[in-house]
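Peer 1: Predicted model and sequence follow; I will ask about them next.
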Amino acid sequence: MPDLETFQRDARAWLEANCPPEMRTPPRNEEDRCWGGKRWKFESAAQRTWLERMVAKGWTVPEWPTAYGGGGLSREEAKVLRAEMRSLGCRSPLDSFGIWMLGPALLKYGSEEQKRHYLPQITRGEIRWCQGYSEPNAGSDLASLQTKAEDKGDHFLINGQKIWTSYADKADWIFCLVRTDPAAKKHEGISFLLFDMTSQGVSTKPILLISGKSPFCETFFDNVKVPKNQLVGTLNKGWDIAKYLLTHERDMIGSMGDGGANRPLGQVAAQSLGTTAAGELADPMLRADIAHFEIDEAAFRMTMERAGDMMKAGQGNPAFSSVLKYYGTELNKRRHELLMSAGGTDALEWESDRSHNGARARNWLRTKANSIEGGTSEVQLNIVAKRILGLPDA
Amino acid sequence: MPDLETFQRDARAWLEANCPPEMRTPPRNEEDRCWGGKRWKFESAAQRTWLERMVAKGWTVPEWPTAYGGGGLSREEAKVLRAEMRSLGCRSPLDSFGIWMLGPALLKYGSEEQKRHYLPQITRGEIRWCQGYSEPNAGSDLASLQTKAEDKGDHFLINGQKIWTSYADKADWIFCLVRTDPAAKKHEGISFLLFDMTSQGVSTKPILLISGKSPFCETFFDNVKVPKNQLVGTLNKGWDIAKYLLTHERDMIGSMGDGGANRPLGQVAAQSLGTTAAGELADPMLRADIAHFEIDEAAFRMTMERAGDMMKAGQGNPAFSSVLKYYGTELNKRRHELLMSAGGTDALEWESDRSHNGARARNWLRTKANSIEGGTSEVQLNIVAKRILGLPDA
Amino acid sequence: MALLLTEEQTMLRDSVRGFLADHGPISQLRRLRDSRDPVGFSRDLWAQFADMGLTGLLVPEAFGGTGLGHVEAGLVMEEIGRNLTPSPFLATALLAASAIARAGSVDQKSTYLPTIASGKLIAAVAVDEGPKHRPHAIEMTAKRHGNGFVLDGAKAMVVDGHAADVMIVAARTSGTAGDKGGITLFLVNPKTAGTAIERTIMVDAHNSARVEFRGVAVDADAVLGDVDQGGDILAGVLNVGRAAVAAELVGVGEEAFSRSIAYLTERTQFGKTIGQFQALQHRAAHLYSELEITRSAVLKALQVLDDDFANATAFVAIAKARAGKSSTLAVQEAVQMHGGMGMTDAFDIGLFMKRARVAQELFGDFNFQAVALAQLKQY
Amino acid sequence: MALLLTEEQTMLRDSVRGFLADHGPISQLRRLRDSRDPVGFSRDLWAQFADMGLTGLLVPEAFGGTGLGHVEAGLVMEEIGRNLTPSPFLATALLAASAIARAGSVDQKSTYLPTIASGKLIAAVAVDEGPKHRPHAIEMTAKRHGNGFVLDGAKAMVVDGHAADVMIVAARTSGTAGDKGGITLFLVNPKTAGTAIERTIMVDAHNSARVEFRGVAVDADAVLGDVDQGGDILAGVLNVGRAAVAAELVGVGEEAFSRSIAYLTERTQFGKTIGQFQALQHRAAHLYSELEITRSAVLKALQVLDDDFANATAFVAIAKARAGKSSTLAVQEAVQMHGGMGMTDAFDIGLFMKRARVAQELFGDFNFQAVALAQLKQY
């Protein structure tokens, strides 16, 4: 593939010339990640420069069509680009629910007018989006959502409440599931709307988690007016879009459980607990648990690899992502339980400098949500039982 | 309690005088246990003498009324008697489903005439009984049994098939659940019948298990005539008797998981695998598993003790026996998995003298039935969820 | 003896249960935590404990206590666990009182036990030095100096160390880290020069401190028991602590469980009460079995401490191991069954998970107890 | 390389799958078992293996083989596992062929490899001496005597040892039990005086023997590889064996699983197909996940054996550990889900449980692999 080699050489040269050195180090904290949006304050000139240059190339979204501000790259080219960015240590120029979630949905379900209007803004990081899916009384049964949108002629009138809205307090716009036909069956009266978070009647409230501060909010809608042209797809067919996006989200969360970049647990434990004269971890029972974990984790990483290869080869069941989500998140919880065990009481300090403000404990607590968010482990097991194993409904 | 002390002294004196020395050693094999019945061949004169003497005292069934051949002892006296027998190492004079199962059912549900007829025979070991409950298509759903008993005026006509009938090929009579009203709801058309296994139309076939030979049989009924006075309790109310007996059976099987008499696993494993210089089992991962098991096993034994004490004190939920059955059998399966692990390939020999004809492997395989027979683990968990935790039906 | 509570014990449990639900509920823990209370427990509640005779539960009647036993101590701990009540009960009324009552001189008993029983004295026991409970690994030294000793070393995870009026400190008078012998216990006034106390804010908002001793001089009569013989006393004290924390974990686990069951019968999803889903029913039933089996092991250990204190180690190890494991399962299942709500600080369930994690470490986690048992059983 | 089968590999799998389902099904195992067949495998089937080129799968083409790789070997083992086919494939075509092809002299290769490839020679590898796989614990000695060696010792769990025409025997030429060095491999004719073979009837009705060597004299050219250097060759052979048995366990586990799923959709209880019960659905879905994750690990190990043979140990340990654990879960769940029927000898499901247990032990059980991995990772 001579073209791909040329592309690789060119991409590398461009990255070397254009990626500021400060943007070639891993983000140290939340602020080092660029989320964009109307209220965004760049951390540094380099962060701004890097975003602007990548936007100009269309490489904040390398595979989107150039007509909408994308890079127009093929899947293979995009893969090469990502590999080159990784090899140079380039940071992501823009993190965005617009790119990860809304964009794919608009590309598939949006009108041409909506694509031309919203997608370029997303690629440039001009609008920061949040996702209005979950509701307090819905939980795993997402489709039972109650936030209603009444047809008022030229606009919808929105009333209701969302929960687990990530960065709702920082977002400019929301993509939101609402009930437009309360009389229909629960999956058939839902629509997918976009609207401005500064609209009259929108308010947000951050959620404190057991691990401490979080990006999550409760979001309230009190007689919010939304123009009708902000409906995406067909009225009352929003559940199709939701399902499409949920699969995306599942893949993302499942892959977080990979843990490939993490230090081997055995080493971490040996550092805090020491080893015997024979070089064995000083806690023999913990050693057994860690060996068991590392076997499972390694095998899971191989499964991520195999699932990726199957996808590329056009093999495999799409519901397999539920296996990855289920196992990956349970594995990640196990990892953090073992880290806590290795850390002992040192890791239980919540506010000291010594414990980096309880970092290990907070991470541990945070992992408990892994098997809840993006579809609970129970929901994933239901999916596997039905869509892969073909077991009958109850 | 001066009376109890007197009883203890007298019982001990009697046992010392009357229990033949050969009957004061643990049974070495199946044949050493006395099951009685018309076709019974005593292994030794001592076995016969011991049975006859105990029968004469009513002590094959110490707590049954003397009118029916029992010993008429109080619960406390019976406990003292058992303790004295244990302390002298006396064998059970008579093993019998008549004593364990049918007797209690007759005492509770039988007519006075039936009690006077059947119970003394049971106490004397004259009739060997088997239990006709399970059917091939029923399984956990015992009440869906299909063996039918048609009312033919002076008798019932039985047609159908039972499975898992222990010692059906050696038994003289059977106590059997049959469907007497096919039109009624499944729990409401069942009756409890007694009949002679030598009746025309009864045949049996032993079942070979994965562990080898077994006492279980398939039992077939082809137009078997049963006189009507052999119905126990009310017609179509046999399910009440069945439930009563199932609880008995559950307690018996649950208590088998106790394993109190077994050698500590750690010692068994250390014997076959050796220990390190530090005195630790040479397989560190197996050591971890065994320690975990022994903790659970010890705690389970304490729970058996507590459950017994609660029962005596009139506290506790009768459904607690499901906890014991569930946990005890799962624990016993774990024990045998660990024993196999400690035994390695030596324990996998199936026919050698070295392996005592595969004794360890056969026991291991046999334990797999523990969580199936007498109500599966799944059924026990359903019972706990509903009757103890009060969770709603699906 | 029956493996059941006696009538008196049941009455005590009921009275403590009602009392703590009223006066030491989770809202109190939240208030202490959110206000960053410098003491971290309620002194009022402790005074009420004294009025009820609980502060002197293990103190002999001759020294002003109620002279009850370990089963009674466990009952109180269980209710403390159920309510997540921060209280000096564990360190002062159980650990310190037990150590002094069993090993103290007549003078020491007269000095400390009545004030513990009256609720006037807060005490702490300082054993561990690293992140894991390893009582034989003590490195802190006590060197003879004149008539007394000089203490040097640092202790971690000293429960109530920031509030203690007296500390029982385990230091090495001979041997080296890893030796079972050579440990001596000292009664130390934390105001003594050279003592530095840092209160550590823990994940569970319960109280703990790190304590440094730099050339801390103590008199010879500060020795509790005999020089070099502290290991045996300590073994007994730690067994009391393990059984007590196991009882607390029973309370933590069962309360988390009963809240989960309540949630399962309230919450609806997909048109059903989630408690109708069989997969959750079976997990709940399994968890119930685990908790009941743990309850037996804990009661047994407490009874053996009462009846045969010197031979309780295996029973206590089984109890603490089981309590750590089954309460961990209970809080994990509780968070998962509560779904997203369980992840919020506004819900109580996360507080149970936090406390269970700390209590799992206290006086040895599951792995510690399992190794101890394997060693006792010689494999 | 993609972690998938290539087109050629998929074709091979499909052809072996069809072939074994027809010619090596479970009924064959039953017949061999119930007739107490003295050989314990079908010589006809082995001849057919030769016709298909499977006997010489790891034999280089220059010596009459097909020169395929470990992934292909794994595919055959998986189908063998699915059908519980007793076959010399593991010991002869994989272990012995691999050892001789990698370490043999030109003479040894010319002598043995073509006859292995043609299906004429049955071989066995004798390593373990005790009940557990402990390759460093070898005590059997080979003492120099004239130009050759004299072998003394006893081997256990020699797969196909009763039928072998040649045995590769690991013995100690220096050092003592526990040393990693000092092992030498010998090619021994089992008819040599002093060799006593006892066929052992195993729980799974597959073939194994115990072999005793009392003063068995062999020539110098019986040495495979170099004297004292057999440990490295053996490590490679054992890795091949581990990965192969892991692949067999994938077949065993998945077949037991798919039979369970079929049963769940057929059997009714309480008016429902039992597959409708959510508790069973979740257990089935969990088990499916475990098996799929194991499948990845096994394929990976086989690929690494093909690509980087010398560095495959960690991958192989992971594969064998996972395969042992998840197949054990699969057969346990299978028996439980089949209820009483699963306990009868008349049903096949128990045979899967038996084979899984033996394969778990072969070349190291889960615990052995876990320790190996911890040692490799230095903790």
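Peer 2: Cool, got the structure.
Peer 1: Quick check on the nearest residue to C:Ala2 once chain neighbours are set aside: phi, psi?
Peer 2: Nearest residue to C:Ala2 in three dimensions, chain neighbours excluded: B:Asp309, at 4.1 Å (C-beta to C-beta, 6 or more residues apart in numbering or on different chains). Every residue, glycine included, has its C-beta placed from N, CA and C. Main-chain dihedrals, B:Asp309, degrees, to the nearest 10: phi -60, psi -40.
Peer 1: Tell me who's in contact with B:Asp309.
Peer 2: Contacts here follow C-beta atoms under 8 Å, 6 or more residues apart in numbering or on different chains; on that basis B:Asp309 touches C:Ala2, C:Leu3, C:Leu4.
Peer 1: how near is the residue of chain A found nearest chain B to chain C?
Peer 2: Proximity of chain A to chain B (C-beta to the nearest C-beta) peaks at A:Ala288, 4.0 Å away. Per C-beta to the nearest C-beta, to the nearest Å, A:Ala288 is found 9 Å from chain C.
Peer 1: what's the neighbour count on the nearest residue to that residue once chain neighbours are set aside?
Peer 2: Distances taken as C-beta to C-beta, 6+ apart put B:Ala288 closest to A:Ala288, at 4.0 Å, once the chain neighbours are dropped. Other residues near B:Ala288 come to 25 when the count uses other C-beta atoms under 10 Å in any protein chain shown.
Peer 1: Could you break chain C into its assigned domains?
Peer 2: Chain C breaks down by automatic domain parsing into domains covering C:7-121, C:126-228, C:231-376.
Peer 1: For B:Glu84, which of those is the nearest?
Peer 2: With C-beta to C-beta as the criterion, B:Glu84 lies closest to domain C:231-376 of the domains of chain C, at 25.1 Å.
Peer 1: just to revisit the earlier point, between the contacts of B:Asp309, which sits nearest chain D?
Peer 2: Chain D lies nearest to C:Leu3 out of these, by C-beta to the nearest C-beta, at 31.3 Å.
Peer 1: So for that closest one, what's the pLDDT?
Peer 2: With respect to pLDDT, C:Leu3 scores 96.
Peer 1: looking at this, it is in a helix?
Peer 2: No. C:Leu3 is assigned coil when assessed by DSSP: H, G, I helix; E, B strand; the rest coil, not a helix.
Peer 1: Quickly find the element holding C:Ala217.
Peer 2: Using DSSP states H and E, C:Ala217 sits within strand C:207-218.
Peer 1: try A:Asn370
Peer 2: In this structure, A:Asn370 sits in neither a helix nor a strand according to DSSP H and E.
Peer 1: Spell out the residue ranges of the strands in the chain.
Peer 2: If you meant another chain, say so; for now it's chain A. Using DSSP state E, the strands of chain A run over residues A:129-132, A:148-151, A:155-166, A:173-179, A:190-196, A:202-206, A:216-227, A:231-232.
Peer 1: wait, I meant chain C there
Peer 2: Using DSSP E, strands in chain C cover C:123-126, C:141-145, C:148-159, C:166-172, C:183-188, C:195-201, C:207-218, C:223-224, C:268-269, C:272-273.
Peer 1: quick one, which of those strands is packed in tightest?
Peer 2: Comparing the strands of chain C by mean neighbour count (mean count of other C-beta atoms under 10 Å in any protein chain shown), strand C:123-126 ranks first with a mean of 28.
Peer 1: Just the CA trace of it, in CSV.
Peer 2: Taking C-alpha atoms only, strand C:123-126 is exported to CSV below (Å, rounded to 0.1, in the frame of the first residue of the first chain):
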residue,chain,number,x,y,z
ALA,C,123,-7.5,5.4,75.6
ALA,C,124,-5.8,4.1,72.5
VAL,C,125,-3.7,1.1,71.6
ALA,C,126,-0.8,1.6,69.2
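Peer 1: list the helices and strands it packs on?
Peer 2: Applying 3 or more C-beta pairs under 8 Å, 6 or more residues apart in numbering or on different chains; DSSP states H and E, one finds that strand C:123-126 contacts strand C:148-159, strand C:166-172.
Peer 1: For the residue sitting furthest away from the middle of chain A, grab phi and psi.
Peer 2: Most distant residue from the mean C-alpha position of chain A: A:Ala277, 44.7 Å away (C-alpha atoms, centre = their mean). The phi and psi values for A:Ala277, taken as degrees, to the nearest 10, are phi -60, psi -30.
Peer 1: ok, it to B:Ala278 distance?
Peer 2: Separation of A:Ala277 from B:Ala278 (C-beta to C-beta, to the nearest Å): 10 Å.
Peer 1: same deal with C:Leu12?
Peer 2: Using C-beta to C-beta, C:Leu12 is found at 44 Å from B:Ala278.
Peer 1: Please apply the same query to C:Phe213.
Peer 2: Per C-beta to C-beta, C:Phe213 is found 33 Å from B:Ala278.
Peer 1: likewise C:Gly56?
Peer 2: C:Gly56 sits 43 Å away from B:Ala278, going by C-beta to C-beta.
Peer 1: Comparing these two, which residue is more hemmed in?
Peer 2: Using other C-beta under 10 Å as the criterion, C:Gly56 and B:Ala278 rank with C:Gly56 on top: 26 against 8.
Peer 1: Quick check, that one in contact with C:Glu72.
Peer 2: No. At 11.5 Å, C:Gly56 does not count as touching C:Glu72 under the criterion of C-beta atoms under 8 Å.
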